[in-house]
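**Student:** Below are the sequence and a predicted model for it; my questions follow.
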Amino acid sequence: MILRRGILAVLGALIVLSVAALGYQAVHRDGAPWATDNPTQDARDVVMTQARAFMTTVNTYGPDLLDGSTMPSYRKDVEALVTAKFKADFEQNVPYAEATVAQSGLGRTTTVYATGVGDLDLERGRATVLVAGELTNSFPDKSSKDDATGSEARQSADPQPYRVEVTLVRQGGVWKVDDFTPVGQEAQQQSSQSADPSASATPTQEATP
């Protein structure tokens, strides 16, 4: 009898937990507890992926992308990730980056360390994503050669950390970058950026496309 009561108590507890779990899923899955998908979480994953791709793409370029005096593949890759509004701003500023690459051999690479959704409004199709990472600029070192390739070696500057808030909008079912804003220390230092490429396309303390 005692064993039977113990089993019944365990079963009762399991039933309570099951009901609570279904209630949680119903709340967080728009009233569909049996659904295997979660539109909100799916959207969070997508916007973080898009923000990461944007920061990686816009901050990765160099002489290897030059075709004459421009970087057409770089332009194409960035523009595929942004809205028409952002594209217009980018096209105004990217020539400064291309000129710096062509004239001084500037190269840039970036590493994104973390992304996090700051705000997500599925009804309006808007989201903000916080992105943290660092970028590294490099220039030709005319005094030495790369032993492996025999080509001119490159000298890298110290990595520059950045933190930005990327704004995305949903257009035709696709999330695209519409703007970005440096946050924290980068926001305070943006006014001291040099004109070597423009600050409108990348969030750094120095030259940016």
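**Tutor:** Arrived safely, thanks for sending. Please read all numbers here as calculations on a predicted model, not as lab measurements. Numbers count the residues shown, from 1 in each chain.
**Student:** Measure how buried T136 is and give me the count.
**Tutor:** 15 (other CB atoms under 10 Å). All C-beta atoms are positioned from the backbone trio N, CA, C, and that covers glycine.
**Student:** Same question for G125.
**Tutor:** Neighbour number of G125 under other CB under 10 Å is 14.
**Student:** Do a quick rundown of the helices in this structure.
**Tutor:** Using DSSP state H, the helices of the chain run over 2-28, 39-58, 72-79, 84-104, 185-189.
**Student:** least reliable of the ones you listed going by mean pLDDT?
**Tutor:** Ranked by mean pLDDT, the helices of the chain bottom out at helix 2-28, with a mean of 49.
**Student:** Would you map out the domains in this structure?
**Tutor:** As assigned by automatic domain parsing, the chain contains the domains 1-34, 37-192.
**Student:** most neighbours per residue, which of the ones you listed?
**Tutor:** Among these, domain 37-192 has the highest mean neighbour count (mean count of other CB atoms under 10 Å), at a mean of 16.
**Student:** Find the residue closest to D121 in space, skipping its chain neighbours.
**Tutor:** In this structure, D121 finds its nearest non-sequential neighbour in A127, 7.0 Å apart by CB to CB, 6 or more residues apart in numbering.
**Student:** for the protein, which strand is longest?
**Tutor:** Across the chain, the longest stretch assigned as strand under DSSP state E is strand 126-145.
**Student:** Partner strands of it, with direction?
**Tutor:** strand 107-121 (antiparallel), strand 152-156 (antiparallel), strand 160-171 (antiparallel) (DSSP bridges).
**Student:** Can I get the longest one in PDB? Just the C-alpha atoms.
**Tutor:** Output of strand 107-121 as PDB, limited to C-alpha atoms (Å, rounded to 0.1, in the frame of the first residue of the first chain):
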ATOM      1  CA  GLY A 107      44.300  45.400 -45.900                       C
ATOM      2  CA  ARG A 108      41.700  44.700 -43.200                       C
ATOM      3  CA  THR A 109      40.500  41.500 -41.400                       C
ATOM      4  CA  THR A 110      38.000  41.100 -38.600                       C
ATOM      5  CA  THR A 111      36.900  38.700 -36.000                       C
ATOM      6  CA  VAL A 112      33.500  38.800 -34.400                       C
ATOM      7  CA  TYR A 113      33.500  37.500 -30.900                       C
ATOM      8  CA  ALA A 114      29.900  37.800 -29.800                       C
ATOM      9  CA  THR A 115      26.400  38.800 -31.000                       C
ATOM     10  CA  GLY A 116      23.200  39.300 -29.000                       C
ATOM     11  CA  VAL A 117      19.700  40.500 -29.800                       C
ATOM     12  CA  GLY A 118      18.900  43.800 -28.200                       C
ATOM     13  CA  ASP A 119      15.400  44.200 -29.600                       C
ATOM     14  CA  LEU A 120      13.100  42.100 -31.900                       C
ATOM     15  CA  ASP A 121       9.700  43.200 -33.200                       C
END
